[in-house]
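Engineer: Task: produce atomic coordinates for the following.
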Amino acid sequence: MFGIPGKQAVTLTPAAIAQVRKLMERDGRAGLRIGLKKGGCAGMEYTMDFVDEADGNDEVVEQDGARVMIAPMAQMFLFGTEIDYQTSLLESGFHFNNPNVTDACGCGESIKFKDVEELQAERGAD
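Structural biologist: Next comes the predicted model:
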């Protein structure tokens, strides 16, 4: 275990607790397992799966009935992370406020519209 004795590796916001508990109860699962894998523009990606039981080397974090298991290779990278669940008009999902992240990629998260004059010029050319 990589951490400070007596301190949880991750914390969950009330919204994340509610969502994890809801999914645990709905699907009869033991909890949410979080890990890391190579990939994405910045080099690493979070993995999340609801599982029936913790792996023997997982760090298990329980908060108000929500259970999160952290895979061994992810423990040192996730220490101090706050997990939130956010819902907007376009998407909903878990978000990681991780103090260990030094760079992040915005693929698919950011869009930019052309300005009105450019759109009008394109439509006039059709």
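
Engineer: so when I look at residue 77, I'm seeing a helix, right?
Structural biologist: Yes - according to DSSP: H, G, I helix; E, B strand; the rest coil, residue 77 belongs to a helix.

Engineer: can you tell me the helix or strand for residue 33?
Structural biologist: Here residue 33 sits within strand 31-38, counting by DSSP states H and E.

Engineer: Put the alpha carbons of that strand into CSV.
Structural biologist: Presented in CSV, the C-alpha positions along strand 31-38 are these (Å, rounded to 0.1, in the frame of the first residue of the first chain):
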residue,chain,number,x,y,z
GLY,A,31,-17.7,-2.2,-5.7
LEU,A,32,-16.0,-0.1,-8.3
ARG,A,33,-12.4,-1.1,-9.2
ILE,A,34,-10.1,1.6,-10.5
GLY,A,35,-6.9,1.1,-12.3
LEU,A,36,-4.6,2.7,-14.9
LYS,A,37,-3.5,1.6,-18.4
LYS,A,38,-1.2,3.0,-21.0
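
Engineer: Show the secondary-structure elements that that strand is packed against.
Structural biologist: On a contact count with 3 or more C-beta pairs under 8 Å, 6 or more residues apart in numbering; DSSP states H and E, strand 31-38 meets helix 14-27, strand 44-51, strand 66-70, helix 75-78. The way it works is simple: take the backbone N, C-alpha and C, and place the C-beta from them, glycine included.

Engineer: change it to 7 Å
Structural biologist: Applying 3 or more C-beta pairs under 7 Å, 6 or more residues apart in numbering; DSSP states H and E, one finds that strand 31-38 makes contact with strand 44-51, strand 66-70.

Engineer: most packed of these?
Structural biologist: Stretch with highest mean neighbour count among those: strand 66-70 (a mean of 24; mean count of other C-beta atoms under 10 Å).

Engineer: dump the residue contacts of residue 20.
Structural biologist: Residue 20 makes contacts with 12, 32, 66, 68, as judged by C-beta atoms under 7 Å, 6 or more residues apart in numbering.
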